[in-house]
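[1] I would like the atomic coordinates for the input below:
(one chain, ligands or ions: 1)
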Amino acid sequence: MTAAIAVRQLHKHFGQVHALRGVDLEIQPGEFFGLLGPNGAGKSTLINIIAGLTRPDAGSAAVLGHDVQRDAVAARRAIGVVPQELVFDPFFEVRDFLRIQAGYYGVARSNRAWIDELLRALGLADKAGTNMRNLSGGMKRRVLIAQALVHKPRVLVLDEPTAGVDVELRQTLWAFAQRLHDEGMTIVLTTHYLEEAEAMCDRIAIMSHGTVVALDDKRSLLGRHPWYQVHVRLASEPDQLPSEVVACLVSREHGWLVLRLQRGGDDLSRVLSALHTAGLSVLEISTREQTLEQVFLELTAGHHLPAGA
Ligand SMILES: Nc1ncnc2c1ncn2[C@@H]1O[C@H](COP(=O)(O)OP(=O)(O)OP(=O)(O)O)[C@@H](O)[C@H]1O
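    This next block holds a predicted model:
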């Protein structure tokens, strides 16, 4: 099967900055794929190369078998990219803007019904005759999503599509992305909102300092972590905790002890019997599976998430 996206040994420098250091990645048709990484990891550079907007220094990238440099027109037809930045031409009305975009791909006439469907699905129907410069930021973002889809690409890349957008647009976007995915479209999502990647993506790559540091399906990535958390509530606030408990204590939160225990070991029974021996009775106990955020932070240690993400 031809990969939706195949990237081999990509390198890219910007002056002294080695932004991509030999990236290899293969995304299969129909996947909902998450590309994560802290600021500056190289995600946008990788996407720009795949979209044919930036030339790599070395290596290759192909979309559905079309090399982005040697077979650029076919590669561009196969992919739609929703960029991070709100870049648009302010002089057109929304529907005309989308028709002109479709014209660049030579599909202006045949795609009129599809453009109307995009306007409806993205909540833009009543803005079709509005001039682009008079739209709110959220509405402009919707138009950029429609723009990426005017030529019905088989691969859609969403580069931080929900950064700074309101809840309504997020929901519209996720419902629409899910529908496109159900219809067979390959979707690549970059996001700083790890809960979004956890909810939407089947497979996830984590980038750090220009390389892919983890690439796995979501379940394996979450299960890979050897630790899990247990929250324990005691009947009374103790003066002193047994040393077995102190050894795995992460924090104390509103009367709960937060403990970090090793998966598959006997940590939990040792903690419980130490509490029992010390005469401390346990009122409640709950376990927390670890989140993608914890895996992410561990894999990109020293390279942090932006504030607020
Ligand atoms: N046009 C450019 N000129 C110079 N340096 C650049 C350029 N584009 C990217 N870089 C540098 O390359 C590195 C990777 O940047 P890139 O934008 O690909 O990261 P990112 O993972 O997309 O980050 P973010 O999450 O902030 O979007 C960074 O050090 C960045 O400063």
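[2] ok, which stretches of this structure are helices?
    Under the criterion DSSP state H, the chain contains helices at 43-50, 72-78, 94-104, 112-121, 137-149, 167-182, 194-200, 218-223, 243-246, 267-277, 292-299.
[3] Which among those helices is found nearest to the ligand?
    helix 43-50 (3.2 Å; CB to the nearest ligand atom). From N, CA and C alone the C-beta is placed, and that goes for glycine too.
[4] what is the mean pLDDT for that closest one?
    Averaged across helix 43-50, the pLDDT comes to 95.
[5] does it come close to the ligand?
    Yes. Using CB under 6 Å from any ligand atom, helix 43-50 reaches the ligand at 43-45.
[6] which stretches of the stretch 201-309 of the chain have low pLDDT?
    Low-confidence segments of the stretch 201-309 of the chain (pLDDT under 70): 224-225, 290, 302-309.
[7] Might you enumerate the residues of the chain proximal to the ligand?
    Going by CB under 6 Å from any ligand atom, the residues of the chain near the ligand are 14, 17, 19, 37, 39-45.
[8] Mind checking which of the residues you listed are buried?
    Among the residues of the chain next to the ligand, those buried by neighbour count (16 or more other CB atoms under 10 Å) are 19, 37, 40-45.
[9] The stretch 201-309 of the chain: strands as residue ranges?
    Secondary structure of the stretch 201-309 of the chain by DSSP state E, counting those that start in this stretch: the strands cover 203-208, 211-217, 227-234, 249-253, 256-262, 282-288.
[10] Could you point out which of the residues of helix 43-50 next to the ligand is nearest to Glu289?
    Of all the residues of helix 43-50 next to the ligand, Glu289 sits closest to Lys43, with 26.1 Å by CB to CB.
[11] list the contacts for that closest one?
    Contact analysis of Lys43 by CB atoms under 8 Å, 6 or more residues apart in numbering lists 35-37, 159, 190, 207.
[12] just Leu257 next, same as before
    Going by CB under 8 Å, 6+ apart, Leu257 touches 231-234, 241, 245, 249.
[13] beta partners of the closest residue to Ala148 other than its chain neighbours?
    Using CB to CB, 6 or more residues apart in numbering and skipping residues adjacent in sequence, the residue nearest Ala148 is Gly80, 3.6 Å away. Per DSSP bridges, the residues bridged to Gly80 are Leu156.
[14] My read is that Gly80 contacts Pro153, right?
    Yes. Contact criterion CB atoms under 8 Å: Gly80 and Pro153 qualify, at 3.9 Å.
[15] Of these two, give the one with the bigger neighbour count.
    Gly80 (24 against 21; other CB atoms under 10 Å).
[16] check contacts around that one.
    148-151, 153, 155-157.
[17] Mind putting these into CSV with pLDDT?
    Below are the contacts of Gly80 laid out as CSV (pLDDT from 0 to 100):
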residue, pLDDT
Ala148, 93
Leu149, 93
Val150, 92
His151, 91
Pro153, 94
Val155, 97
Leu156, 96
Val157, 95
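[18] List just the nearest of these to Ala113.
    Distances from Ala113 to the contacts of Gly80, taken by CB to CB, are shortest for Val150, at 12.0 Å.
[19] so what are the domain limits for this structure?
    For the chain, automatic domain parsing gives the domain ranges 5-222, 226-289.
[20] coming back round to it: format the helices of the chain as TSV; extra columns: distance to Leu64.
    Listed next are these as TSV, based on distance: least, CB to CB, whole Å:
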stretch	distance to Leu64
helix 43-50	11
helix 72-78	5
helix 94-104	19
helix 112-121	19
helix 137-149	16
helix 167-182	16
helix 194-200	22
helix 218-223	24
helix 243-246	55
helix 267-277	48
helix 292-299	28
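[21] May I have the residues that are in contact with Gln147?
    82, 88, 97-98, 101.
[22] hmm, 7 Å instead?
    98, 101 (CB atoms under 7 Å, 6 or more residues apart in numbering).
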